[in-house]
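Asker: Requesting a structural model of the entry that follows:
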Amino acid sequence: MLTYDGAQAVQARTWAGAVAWTASWGPGVDHLVSVEKEGLEYFALDDGKGSVVGWLDGVSNQVVGRAEYTPEGLGRFVDEVAGTSCEEVDGARCPRPLDMPSASTRRTRRRRRGCCTSETAGTRR
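Answerer: I've put the predicted structure just below:
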């Protein structure tokens, strides 16, 4: 379940009510700065067009997940922690690395803290 503060989601909760993540947003539309999950902060790496293309662990400074997008908006996502990747094909959606929001301009609503919905799996490798 998502909680919104204005136009953008501020927090995701599980159906049991536990906080799944909270996110910090910068100025402008779709400028995701970081997400806190399970007490750890991950910084969003963006492509300058409003899409998150990677996640940087705030403690180890290592990239823990990355994404590539086609002009059609489909993605290929790599979870460096789990060692998995997923490519979106034929309308199937992939889970995001670390189950993080994508913050792509096509999927996200804007505000100071927030993110987007989780999605169903595509083709796993």
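
Asker: what about the protein, any weak spots by pLDDT?
Answerer: Segments of the chain classed as low confidence (criterion: pLDDT under 70) are 29, 100-125.

Asker: residue ranges for the strands of it, please.
Answerer: 2-5, 8-13, 19-25, 32-37, 40-46, 52-57, 63-69, 75-79, 84-87, 123-124 (DSSP state E).

Asker: Tell me, how many residues neighbour S85?
Answerer: 16 (other CB atoms under 10 Å). Any C-beta I mention is one placed from the backbone N, CA and C, and that applies to glycine too.

Asker: beta partners for R13?
Answerer: Counting by DSSP bridges, R13 forms beta bridges with V19.

Asker: what's the neighbour count on it?
Answerer: Counted with other CB under 10 Å, residues neighbouring R13 total 14.

Asker: So it is in contact with A20, correct?
Answerer: Yes - R13 is within contact range of A20, at 6.0 Å (criterion: CB atoms under 8 Å).

Asker: Looking at the strands of the chain, which is nearest to P97?
Answerer: strand 63-69 (2.4 Å; CB to CB).

Asker: could I get the strands of the chain as CSV with distance to D99?
Answerer: CSV is the format used below for the strands of the chain (distance: least, CB to CB, whole Å):
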stretch, distance to D99
strand 2-5, 14
strand 8-13, 9
strand 19-25, 8
strand 32-37, 8
strand 40-46, 11
strand 52-57, 11
strand 63-69, 10
strand 75-79, 9
strand 84-87, 12
strand 123-124, 14
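
Asker: And these: which comes nearest R96?
Answerer: Across these, closest to R96 is strand 75-79 (CB to CB), at 6.0 Å.

Asker: Show me the contact partners of that closest one.
Answerer: Outside strand 75-79, the residues within contact range by CB atoms under 8 Å, 6 or more residues apart in numbering are 64-69, 84-88, 94-98, 102, 104.
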